[in-house]
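[1] Let me see the structure of the following:
(chains A, B, C and D)
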Number of protein chains: 2
Amino acid sequence: MTSDVDGDTTELSRPARRQAEIAAYVVEHGSVSANDLVEAFGVSVMTVHRDLDELERQGVVRKYRGGVSAQPTSVFESNVAYRLNTAQTEKAALARHARAMIEPGMSVMLDDSTSALALVDLFEGIMPLTVATNFLPAITKLTALRDITLLALGGIYSATHDSFGGMPCAEAVEALHTDLLFCSVSAVSPAHAYHQEEEIVLVKRAMLRSAKTKVLLVDHAKLQRTALHRLAPLTDFDVVVVDEKTPDDLIQPLRDHGATVEVAKL
Amino acid sequence: MTSDVDGDTTELSRPARRQAEIAAYVVEHGSVSANDLVEAFGVSVMTVHRDLDELERQGVVRKYRGGVSAQPTSVFESNVAYRLNTAQTEKAALARHARAMIEPGMSVMLDDSTSALALVDLFEGIMPLTVATNFLPAITKLTALRDITLLALGGIYSATHDSFGGMPCAEAVEALHTDLLFCSVSAVSPAHAYHQEEEIVLVKRAMLRSAKTKVLLVDHAKLQRTALHRLAPLTDFDVVVVDEKTPDDLIQPLRDHGATVEVAKL
DNA sequence: ATAACGTAACACTAGAAGACGGTAAGAGAC
DNA sequence: GTCTCTTACCGTCTTCTAGTGTTACGTTAT
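    Numbering: from 1, shown residues only, chains lettered A, B, ... in the order given. Reported below is the predicted structural model:
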């Protein structure tokens, strides 16, 4: 196990991937020692410690003498590296579908989701464009693009999400009103969207208030999970986009509750 | 001038440095053809074009078929690459002096100046710290540091400054109140601080209102120049720090006008 | 129409940054 | 006090990507 050869994992650097795997391992086992990890991953103690330091910086694990223990699952699931590992092809499909909704000259808001990040790569060709986001990787990418007016949403930096949040961010969002919003969440029930973290919910709610057309990007894995905080009813979104792998019997309930669901083709 | 051999230029990557030099060349000559630049800098046409594209993205030159022309000097002087090339040792000294004013636990605001950027490198050891800034290079550096609460000041991205500005940024600043502010300007008269760009002035003024102790970092070159917009009287700053190379007869007038001037030792 | 100029695509290179392990010194448990 | 775990430092290695030129293809002016 710890299969490190899985075809489609070409997005992350080797250490980042290993760290994500270590995080998963720790979450699964609750708490483990450094030496366990040395054996499990075949690297030196040094490297294990470095990885753990990084994971601790991101808030995913807690180190103590003799080993590490997992933090509440929620933060693991929030971890950027973990999210980048997950369902990349689905996200690419969602992004392509989303792109078709954008016309040159529009203003677009993106939240700190990896789905939204995939969308950034598709912006060439629909410029000019105004883009507002609180997601640092997206900001970095967008600075390089001419003909894009980038509006960075500031706030308190979160290493776990690699994005800005908190009240300052919510306030920055309030001051705007964009044509479009693309966002994602961690879980979707037939009637509602959910997220684990209150802070993030705060910002996403503000975003929902600050856009004309709201689009929710959902890969099928999200439909079979739940999370602590209820973000909003799906009817608050103008469109819910799911990927093609989503079973029909999971889509239908959404529609029954009044949501407008579109399917993104791979 | 256009002295391209100046010993201490070790901060910028080769292309960035060449671009700065090309910018200077264009500013000096008003308008030149791509081929002129090929000869002047001994690189291929392709590279020249790429450099010019980048400079155009930053707003420093305007391309047209057959060559490029310079934009108003002000934007050239605002250009980040240009500023990074200038007076690095002085800025390092100013930063070291500034560092001594910071105590662990304080909240610090930094503007989009290269002097402030130098300060970021000295933060290790005085953590924890809360740092607020609108300068992207500073933000990037700070994300890597644990024990620093980073508060990004969002706003409209300016490629020329590599920072965020405009009204959204000013509003974000208004919402704060930090213990310290370190900032810089482009010109200093005996009584006032000046800057070329109105937009930037807007943000800096907001910053001045949002900090308890305000520190102005000035390398001696600034004292013999002027700029369009008057930012504030020097007495609005609690301390004005100048570098050691500043002639006394330039310092005295500042003091005569009531400013508190400190000299940073190399 | 043709020549000059600009752009896009490709491939090569060099340099830097990252990643890793080993050893030795430090800190903490028992 | 002793043992174990952790950190710090250093040197090496590799990996990666930014930078560049070449060639071939558009584009625009005259």
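[2] Who's the closest spatial neighbour of A:Gln196, skipping the chain neighbours?
    A:Ser74 (3.6 Å; Cβ to Cβ, 6 or more residues apart in numbering or on different chains). No exception for glycine: its C-beta is placed from N, CA and C like everyone else's.
[3] I'd like the next helix or strand past the strand or helix carrying A:Val38.
    A:Val38 is part of helix A:34-41, with elements assigned from DSSP states H and E. Next along the chain after helix A:34-41, taking DSSP H and E as the criterion, comes helix A:45-57.
[4] got the buried residues for the very next helix or strand once past that following helix?
    Using DSSP H and E, the helix or strand that directly follows helix A:45-57 along the chain is strand A:61-64. By 16 or more other Cβ atoms under 10 Å in any protein chain shown, the buried positions in strand A:61-64 come out as A:Val61.
[5] hmm, who's touching strand A:61-64?
    A:23, A:26, A:52-53, A:55-56, A:68-71 (Cβ atoms under 8 Å, 6 or more residues apart in numbering or on different chains).
[6] Tabulate these in TSV, adding columns for neighbour count, pLDDT and distance to DNA strand C.
    Shown next, in TSV, are those (neighbours: other Cβ atoms under 10 Å in any protein chain shown; pLDDT from 0 to 100; distance: Cβ to the nearest atom of the strand, whole Å):
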residue	neighbour count	pLDDT	distance to DNA strand C
A:Ala23	25	89	14
A:Val26	24	89	17
A:Leu52	22	92	12
A:Asp53	13	90	12
A:Leu55	24	89	13
A:Glu56	16	89	16
A:Val68	26	90	15
A:Ser69	14	89	14
A:Ala70	21	86	20
A:Gln71	20	82	20
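[7] quick one, strands of the stretch 51-200 of chain A?
    A:61-64, A:67-70, A:107-110, A:129-133, A:148-152, A:155-158, A:163-165, A:178-184, A:187-188, A:192-195 (DSSP state E, counting those that start in this stretch).
[8] Kindly export the last one (C-alpha atoms) in CSV.
    Just to be clear, that refers to strand A:192-195. The C-alpha trace of strand A:192-195 is given here as CSV (Å, rounded to 0.1, in the frame of the first residue of the first chain):
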residue,chain,number,x,y,z
HIS,A,192,-28.1,22.3,1.4
ALA,A,193,-24.4,23.1,1.0
TYR,A,194,-22.1,22.5,4.0
HIS,A,195,-18.7,23.4,5.2
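[9] Counting by contacts, list what that strand packs against.
    Strand A:192-195 sits against strand A:187-188, strand A:229-233, with contacts defined as 3 or more Cβ pairs under 8 Å, 6 or more residues apart in numbering or on different chains; DSSP states H and E.
[10] go with 7 Å
    strand A:229-233 (3 or more Cβ pairs under 7 Å, 6 or more residues apart in numbering or on different chains; DSSP states H and E).
[11] Let me see the backbone angles for the residue of the stretch 51-200 of chain A found nearest chain B.
    Per Cβ to the nearest Cβ, A:Gly154 is where the stretch 51-200 of chain A lies closest to chain B, at 3.0 Å. Backbone dihedrals for A:Gly154, given as degrees, to the nearest 10, come out at phi -80, psi -170.
[12] what sits against it?
    A:164, A:168-169, A:172, B:152-154, B:172 (Cβ atoms under 7 Å, 6 or more residues apart in numbering or on different chains).
[13] just A:Leu52 next, same as before
    A:61, A:63, A:68.
[14] if I look at the second one, how far off is B:Arg14?
    Shown here: A:Lys63 relative to B:Arg14, a distance of 41 Å by Cβ to Cβ, to the nearest Å.
[15] repeat for the first one
    For A:Val61, the distance to B:Arg14 under the criterion Cβ to Cβ works out to 41 Å.
[16] what's the model's confidence in stretch A:178-185, averaged?
    Mean pLDDT, stretch A:178-185: 96.
[17] near chain B at all, that stretch?
    No. Remark: stretch A:178-185 sits outside contact range of chain B, by Cβ under 7 Å from any Cβ of the partner chain, the gap being at least 12.6 Å.
[18] Please name every helix or strand in contact with the helix or strand harbouring A:Val201.
    Secondary structure assignment for A:Val201, by DSSP H and E: helix A:198-209. For helix A:198-209, the helices and strands in contact under the criterion 3+ Cβ pairs under 7 Å, 6+ apart are strand A:163-165, helix A:166-174, strand A:178-184, strand A:229-233.
[19] Kindly compare burial across these and name the winner.
    When the helices and strands packed on helix A:198-209 are scored by mean count of other Cβ atoms under 10 Å in any protein chain shown, the highest mean neighbour count falls to strand A:163-165 (a mean of 26).
[20] From the chain's centroid, how far away is that strand?
    12 Å (Cα atoms, centre = their mean, to the nearest Å).
[21] who does that strand touch, helix- and strand-wise?
    Using 3+ Cβ pairs under 7 Å, 6+ apart: strand A:163-165 touches strand A:155-158, helix A:198-209.
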